[in-house]
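> Below is the sequence, then the predicted model.
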Amino acid sequence: MKRPVLRLLFPALCGSLGLALHAQTPASDSDVPELALLMGDLQRLTHKLALSADAGNAELAAFYLHESQEQLRKIQREAPEYENLPIAVLIDRMAHPAYAPLQEAIAAKDQERMVAGLDLIVQSCNACHVATQHGFIRITRGTEVNPFNQSFAP
């Protein structure tokens with residue numbers, strides 16, 4: 001069977017089997033990474049940052065703060081604009097400034113300020129989601145449960 005015929009039959013076959021078939025992105029979009037995956041990595045790092053701050057572990061919080069900021073820069077490089085939304089600009093205006101109070105609190109090894117600084121970051125995430133009409137994605141500090149096989153205590 002020739003490939004073009006297979007391309008025509010495959011969607012019908014998937015549909016008859018009840019399988020969801022995602023449309024292929026045009027060649028011009030093939031180089032654009034999936035923003036949800038990049039944000040998912042940021043969410044994991046931010047959660048570990050929150051667990052570290054909640055435990056009062058300034059050294060570990062500093063590590064995850066650095067990694068979170070690196071991930072933000074990666075998102076800016078790899079997906080500066082996504083579905084006509086200015087992601088890199090929003091990160092510059094909303095996300096990066098939100099990290100400064102936490103950085104100061106970590107340097108001071110002040111657990112109360114670390115948690116408050118983390119809350120500012122979470123608020124900026126949610127404000128950005130609202131600004132991009134993705135307000136249905138609500139981030140929390142998430143320190144009630146630790147799903148990682150890692151201790152966050154100092």
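Okay, I see it. Residues are numbered from 1 along each chain as shown.

> residue contacts, Cys125?
For Cys125, the contacting residues are Thr46, Ala95, Ile139, taking CB atoms under 8 Å, 6 or more residues apart in numbering as the criterion. Using the backbone N, CA and C atoms, a C-beta is placed for each residue, glycine as well.

> center of this structure - which residue?
Using CA atoms, centre = their mean, the residue of the chain that lies closest to the mean C-alpha position is Met39, 2.2 Å off.

> out of the contacts of Cys125, who has the most neighbours?
Most neighbours among the contacts of Cys125, by other CB atoms under 10 Å: Thr46, with 24 neighbours.

> Now do the helix or strand that one falls within: which elements does it pack against?
Taking DSSP states H and E as the definition, Thr46 sits inside helix 35-54. Helix 35-54 makes packing contacts with helix 58-78, helix 96-108, helix 111-131 when contacts are defined by 3 or more CB pairs under 8 Å, 6 or more residues apart in numbering; DSSP states H and E.

> Pro154 is nearest to which of these?
When the helices and strands packed on helix 35-54 are ranked by proximity to Pro154, the top entry is helix 58-78, at 7.0 Å, counting by CB to CB.

> picking up where we left off before, chain center to the helix holding Thr46, what's the gap?
Remark: helix 35-54 is offset 6 Å from the chain centroid, using CA atoms, centre = their mean, to the nearest Å.

> got it, and stretch 82-98?
If you compare the mean C-alpha spot of stretch 82-98 with that of the full chain, they lie 12 Å apart, counting by CA atoms, centre = their mean.

> want to throw the helices and strands packed on helix 35-54 into TSV with distance to Ala153 and mean pLDDT?
Shown next, in TSV, are these (distance: least, CB to CB, whole Å; pLDDT from 0 to 100):
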stretch	distance to Ala153	mean pLDDT
helix 58-78	9	98
helix 96-108	16	97
helix 111-131	12	97
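
> What does the pLDDT read for Asp31?
Per-residue confidence for Asp31 comes out at a pLDDT of 70.

> Could you report the neighbour count for it?
Around Asp31 there are 8 other residues, counting by other CB under 10 Å.

> so Arg141 makes contact with Asp54?
Yes. With contacts counted by CB atoms under 8 Å, Arg141 reaches Asp54, the gap being 7.5 Å.

> which neighbours do those two share?
Val115, Leu118.

> that older thread, state the distance from the residue nearest to the centre of the chain to Cys128.
When CB to CB, to the nearest Å is the yardstick, Met39 and Cys128 sit 10 Å from each other.

> I appreciate the help and will end here.
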